[in-house]
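Chemist: Fold the following.
(one chain, ligands or ions: 1)
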Amino acid sequence: MDSTNSMGNAVELYFVRTLDGKAAAGVRRPKGIAIVSETGGRTIAHEVLHDCGLEDIYIADDQGNPLLELVAEQSIPADWGGGYYNPWVLQHGLIKRLIMRSFLTSQEDVGTDLPSGDVRGWHHGPGGGGTSLILGPAKVGQSSIIRTPGSY
Ligand SMILES: [Zn+2]
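Modeler: Below you'll find the predicted structure:
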């Protein structure tokens, strides 16, 4: 779809064969979102949620070291259910379930959960992609949706 006269109130989606030498499934830019055609609806949702203000979260740091701490209230304060998560669940396992989970290397199993609030994990922070990963609360939940998606 190419809605060239959207004037910011519609999302432009471009379905392509490959992106970045097959390294990416989707990418968001101010003028629209490019999606590899063979990827599923999860990629479309992930990229549209970026457009709404959410950021990527990673299960591991730049060196691939996974976040091996146990899930705790301070890691998911807005979604803590007081025992909903099994006591042996690790934070990287929880992050794998999130729709904003991203990848430093190849595609693995992907999640679809959209939490209510921030989740502790590796993320780029205010500088966005291209900056080093930092560990802390990542804006991956409904509380960080700050705008309706659009193309400009
Ligand atoms: Zn992403």
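Chemist: so what's residue 111 up against?
Modeler: 95, 96, 97, 98, 99, 101 (CB atoms under 8 Å, 6 or more residues apart in numbering). Using the backbone N, CA and C atoms, a C-beta is placed for each residue, glycine as well.
Chemist: Can you tell me how far it is from residue 130?
Modeler: 24 Å (CB to CB, to the nearest Å).
Chemist: Likewise for residue 44?
Modeler: 23 Å.
Chemist: Between these two, point out the one with more neighbours.
Modeler: Neighbours per residue, other CB atoms under 10 Å: of residue 44 and residue 130, the larger number sits with residue 44, 17 against 6.
Chemist: so how many other residues sit close to residue 122?
Modeler: Residue 122 has 26 nearby residues by other CB under 10 Å.
Chemist: now the one 5 residues further on
Modeler: The number of residues packed near residue 127 is 9, by other CB under 10 Å.
Chemist: what comes up buried for the lowest-mean-pLDDT helix or strand in the chain?
Modeler: Within the chain, no helix or strand scores below strand 26-29, which has a mean of 86 by mean pLDDT, DSSP states H and E. Residues of strand 26-29 classed as buried: 26, 27, 28 (neighbour count, 16 or more other CB atoms under 10 Å).
Chemist: what lines up beside that strand in the sheet?
Modeler: strand 32-36 (antiparallel) (DSSP bridges).
Chemist: Distance from the chain centre to the helix or strand that the partner strand is followed by, please.
Modeler: Going down the chain from strand 32-36, the next helix or strand is helix 41-51, by DSSP states H and E. Distance of helix 41-51 from the chain centroid (CA atoms, centre = their mean, to the nearest Å) equals 8 Å.
Chemist: For residue 100, give me its contacts.
Modeler: Residues near residue 100 by CB under 8 Å, 6+ apart: 46, 49, 54, 55, 56, 57, 114, 138, 140.
Chemist: Quick check: of those residues, which lies closest to residue 123?
Modeler: Within those, the smallest distance to residue 123 is 3.7 Å, found for residue 138 (CB to CB).
Chemist: Tell me what the closest residue to residue 75 other than its chain neighbours is bridged to.
Modeler: In this structure, residue 75 finds its nearest non-sequential neighbour in residue 120, 4.0 Å apart by CB to CB, 6 or more residues apart in numbering. Following DSSP bridges, residue 120 is listed with bridge partners residue 137.
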